[in-house]
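**Student:** Sequence first, then the predicted structure:
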Amino acid sequence: MGMELKPRAIPPRGPGMSLIVKEVTRLLEPAIFIFGVYITLTGHLTPGGGFPGGVILACGFILVVLAYGGARAFRRLPPEGASKYDSGGALLFLFIGALGAIFGGGFLYNFLRVYLPGEPFHLKSAGTIPLLNIAIAMKVAASLFLVVMVLTLFKPWSAEGGER
């Protein structure tokens, strides 16, 4: 009648996994990253913190690598950028620790807890601990992502199925 249904063209299969895996990854990726940030920021109130939050963030990037292939993940977070996040996380941790030594008398002294006390069991109640969790999450996420990317560059099996 008036409306004609045309068959949709199936997109060509590029690198990565099947279309179903790619669509599920596309839907889950934002939720994984939000959950990683949530675990990182609320680590002083709940089980979590910088390390588990960083692992969850890295798993989000690794899922993109597995579903779409390394090229798409490299566009989102190139190895140079991951290396900068890795170094930046370590430097931020050392900087916060040095500020504790300057303002409080000891390395990693929680000086913000003294100068800006918050209400217990609230987000801003921990002083420098959430900042340290952010630094650790940056370091862990970037390091794990780089490890996986380096491992994907080495292919122990040739295209014929034999060893190199």
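**Tutor:** Sure, I can see it. Everything numeric here is computed off the predicted structure, so don't read it as measured data. Numbering: from 1, shown residues only.

**Student:** now Phe33: how far from Gly60?
**Tutor:** 5 Å (C-beta to C-beta, to the nearest Å). For the C-beta atoms, the positions are set from N, CA and C on the backbone; glycine is no exception.

**Student:** Flag the shaky bits of this structure, pLDDT-wise.
**Tutor:** 1-15, 155-164 (pLDDT under 70).

**Student:** run the last query once more with 80
**Tutor:** Counting by pLDDT under 80, the chain shows low-confidence ranges at 1-17, 70, 73, 113-125, 152-164.

**Student:** Quick check: which element contains the most centrally placed residue in the chain?
**Tutor:** By C-alpha atoms, centre = their mean, the mean C-alpha position of the chain lies nearest to Leu57, the distance being 2.5 Å. Take DSSP states H and E as the rule and Leu57 turns out to sit in helix 50-68.

**Student:** I'd like the distance from that helix to the chain centre, please.
**Tutor:** Here helix 50-68 is found 5 Å from its chain centre; the criterion is C-alpha atoms, centre = their mean, to the nearest Å.

**Student:** so what secondary structure elements neighbour the next helix or strand after that helix?
**Tutor:** Per DSSP H and E, the first helix or strand lying C-terminal to helix 50-68 is helix 70-76. When contacts are defined as 3 or more C-beta pairs under 8 Å, 6 or more residues apart in numbering; DSSP states H and E, helix 70-76 packs onto helix 50-68, helix 129-153.

**Student:** Let's have the ones you listed in CSV, adding distance to Leu112.
**Tutor:** CSV is the format used below for the helices and strands packed on helix 70-76 (distance: least, C-beta to C-beta, whole Å):
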stretch, distance to Leu112
helix 50-68, 16
helix 129-153, 8
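
**Student:** and of those, who's closest to Thr40?
**Tutor:** Closest to Thr40 of these is helix 50-68 (C-beta to C-beta; 3.0 Å).

**Student:** In terms of secondary structure, what does the closest one contact?
**Tutor:** With contacts defined as 3+ C-beta pairs under 8 Å, 6+ apart, helix 50-68 has these neighbours: helix 19-41, helix 70-76, helix 129-153.

**Student:** The longest one: which residues count as buried?
**Tutor:** Of all the residues in helix 129-153, those buried under the rule 16 or more other C-beta atoms under 10 Å are 129-146, 148-149.
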